[in-house]
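> I would like the atomic coordinates for the input below:
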Amino acid sequence: MRSDCNMTDWLVPALLTIITASTPLVFAAVGEVVVEKSGVLNLGVEGMMIVGAISAFAVGVTTGSAMLAILTGAISGALIAFIFGFLTLNLLANQVAAGLALTIFGLGFSALLGHSFVGKTFPGLPKLEIPVISEIPFIGPLLFNHDILVYGSIIVVISTTYVLNKTRTGLLIRAVGENHDAAHSIGYSVNRIRMACVLFGGGMAGLGGAYLSLAYTPLWVEGMTSGRGWIALALVVFASWKAWRAFLGAYLFGGITIIQLHTQGFGVDIAPELVSMLPYLATIVVLVLISRDSSRAKLNAPACLGKSFHASG
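You can find the predicted model right below:
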């Protein structure tokens, strides 16, 4: 009986840590799924996340309002995404180059904005506790004692999956991603639909960054995204451009991420630097495995992914 209690005492905190580590990846990956479904390849997820992180943190520390901070993070990510959308959709800039430039810009811009916030902390996001239910052993703290962004990430996954697969809006997004010329020929504005998807993806990446600085580690550290934007991009391919699979992939990578927090606690003699490499090593392994079956990946990927649309006539 005592060993069961000890197992529960260890397991619940570990699972809660996985949830908090996975939530930023869920937002960023699901947002990028929608972007790529529309035929746009935005490699600037890391830049949008880090700008969302510092914007949300700055507003949170200055105003003390968690909701205003969250909203600012989403808007900041969307504004950075708008720059990318304008360059690639209106000026027809190369999507890969523009995305990489966006990441470099975001990292530098966030360092500039965050200079005066180094060393400051935020009290964190309030937990949405449900009376009685939240007190149920094991299930209560695991399912009914999280902040609004954890529940929001689940709602985003469910609603995105539904919209993409069951609604006319989702049909239009998939249409411009599969054959933008055909969509244009029947009267749909390809670039407007794509811009809306780019802004959505930016907002989601901004929310992922906001969660990092407001809840996961409620303080500002330069470069705190630590490559999570790149992991989110890998998750999109890993998930075959499906939101619910991106959700599962995010939790898989979140589990790998928190291993470094628990291995030494169990007395495992592994260099901490090696353990810290695990999420990125897993990303490389996933990409290598996917590349071995390139024909399958091409079948799942939107046909017009990364291709600029040139309106004729």
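
> Next secondary structure element downstream of the helix or strand where residue 52 lies?
According to DSSP states H and E, residue 52 maps onto helix 45-63. Once helix 45-63 ends, the next helix or strand along the chain (criterion: DSSP H and E) is helix 66-85.

> Rounded mean pLDDT for that next one, please.
Averaged across helix 66-85, the pLDDT comes to 97.

> shift numbering so it begins at 57
Yep, numbering from 57; the last one is helix 122-141 now.

> Buried residues of that helix, list them for me.
122, 125-137, 139-141 (16 or more other CB atoms under 10 Å). Backbone N, C-alpha and C define where each C-beta goes, glycine included.

> before we move on, the earlier item: tell me which other helices or strands the helix holding residue 108 touches.
helix 58-93, helix 122-141, helix 151-170, helix 246-267, helix 284-294 (3 or more CB pairs under 8 Å, 6 or more residues apart in numbering; DSSP states H and E).

> Can you list the buried residues in it?
Neighbour-count burial for helix 101-119, with 16+ other CB under 10 Å as criterion, is recorded at 101-117.

> Stretch 222-241 too?
226, 228, 229, 230, 231, 232, 233, 234, 235, 236, 239, 240.

> Let me know the average pLDDT across that stretch.
Rounded mean pLDDT across stretch 222-241 is 95.

> just how off-centre is that stretch within its chain?
Computed by CA atoms, centre = their mean, to the nearest Å, the chain-centroid distance of stretch 222-241 equals 24 Å.

> Kindly report the same for stretch 146-156.
Using CA atoms, centre = their mean, the offset of stretch 146-156 from its chain centre is 21 Å.

> List the contacts of it.
The contact list for stretch 146-156 (CB atoms under 8 Å, 6 or more residues apart in numbering) reads 96, 97, 98, 99, 100, 140, 143, 144, 247, 362, 364, 366.

> what residue ranges in the stretch 207-356 of the chain score low on pLDDT?
316-329, 331, 346-355 (pLDDT under 70).

> quick one: the helices in it?
For the stretch 207-356 of the chain, the helices defined by DSSP state H, counting those that start in this stretch cover 224-234, 236-241, 246-267, 284-294, 299-318, 328-332, 334-348, 350-356.

> quick one, which of the ones you listed is nearest to residue 157?
Nearest to residue 157 among the helices of the stretch 207-356 of the chain is helix 284-294; the distance by CB to CB comes to 13.8 Å.

> follow-up on the earlier one: how about the helices of the stretch 207-356 of the chain, which one is nearest residue 176?
Of all the helices of the stretch 207-356 of the chain, it is helix 246-267 that lies closest to residue 176, at 15.7 Å by CB to CB.

> ok, back up a step: could I get the helices and strands packed on helix 101-119 as CSV with distance to residue 192?
Formatted as CSV, these follow (distance: least, CB to CB, whole Å):
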stretch, distance to residue 192
helix 58-93, 12
helix 122-141, 26
helix 151-170, 40
helix 246-267, 25
helix 284-294, 32
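
> Count the residues that sit near the closest residue in space to residue 186 that isn't next to it in sequence.
Take residue 186 and drop its neighbours on the chain: the residue closest to it by CB to CB, 6 or more residues apart in numbering is residue 200, 4.7 Å away. Look at residue 200: counted by other CB atoms under 10 Å, it has 18 neighbours.

> what's residue 200 sitting at in phi/psi?
The phi and psi values for residue 200, taken as degrees, to the nearest 10, are phi -130, psi 30.

> Which pLDDT value does the model give it?
What the model reports as pLDDT for residue 200 is 85.

> got it, and the one 3 residues further on?
Residue 203 is assigned a pLDDT of 94 by the prediction.

> neighbours around the closest residue to it other than its chain neighbours, how many?
Using CB to CB, 6+ apart and skipping the chain neighbours, the partner closest in space to residue 203 is residue 181 (3.7 Å). By other CB under 10 Å, 22 other residues sit near residue 181.

> tell me the most buried of the helices of the stretch 207-356 of the chain?
Highest mean neighbour count among the helices of the stretch 207-356 of the chain (mean count of other CB atoms under 10 Å): helix 246-267, with a mean of 27.
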